[in-house]
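[1] Any chance you can model this:
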Amino acid sequence: MVSSVCSCRSPLALAEGRYNDAIQLFRQSDLAADNLPVNACSVCTLPYLARVADRAGWADSSRIYWERYVTEASMDRTRTDQWFLATAYRRLAALYSASGNTAIPVAYRRKLGELWKHADADLERM
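    You can find the predicted model right below:
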């Protein structure tokens with residue numbers, strides 16, 4: 001029950017600009033009443049935490065969450081990568097560029113290009 005309530009309240013807190021609450025609620029949304037993870041997916045909440053950090057202007061935290069998302073092994077990537085991997089690569093390239101790093105953003109842009117190289121022509125313009 002706790003995870004259901006938190007998963008409903010966390011996007012609201014984000015939309016209202018209550019970033020500390022949003023982070024806490026997104027974390028709690030992955031916990032059952034016994035404080036153990038609701039499921040075995042180790043990467044499922046990371047994109048949401050990264051999104052909160054992005055909106056709050058916490059560049060270092062955002063970079064850490066996105067970096068964990070793209071590097072952590074998980075059997076659930078088939079469920080999450082289709083929604084978040086391209087965004088993760090795009091955000092990591094932008095965050096590293098903003099911090100003055102020149103090599104890492106190129107690597108992430110290259111990975112993003114690899115994801116899109118076989119996309120439909122209509123989608124390539126995005």
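[2] What's the separation between Phe26 and Tyr48?
    5 Å (Cβ to Cβ, to the nearest Å). All C-beta spots, glycine's among them, are computed from the backbone N, C-alpha and C.
[3] Geometric centre of this protein: which residue is closest?
    Pro47 (1.7 Å; Cα atoms, centre = their mean).
[4] Quick check: it is in a helix.
    Yes. The assignment for Pro47 is a helix, going by DSSP: H, G, I helix; E, B strand; the rest coil.
[5] quick one: contacts for it?
    By Cβ atoms under 8 Å, 6 or more residues apart in numbering, the contact list for Pro47 reads 65-66, 69, 80, 83-84, 87-88.
[6] and if you look at Val106?
    Residues touching Val106, when contacts are defined by Cβ under 8 Å, 6+ apart, comprise Ala93.
[7] what about it, is that helix, strand or coil?
    At Val106, secondary structure determined by three-state DSSP is helix.
[8] and it, what pLDDT?
    Each residue has a pLDDT score; the one for Val106 is 96.
[9] With Asp122 instead?
    75.
[10] now Ala98
    Listed pLDDT for Ala98 reads 96.
[11] can I see the domain layout of this protein?
    1-38, 43-126 (automatic domain parsing).
[12] from the chain's centre, how far out does the last one sit?
    Distance of domain 43-126 from the chain centroid (Cα atoms, centre = their mean, to the nearest Å) equals 7 Å.
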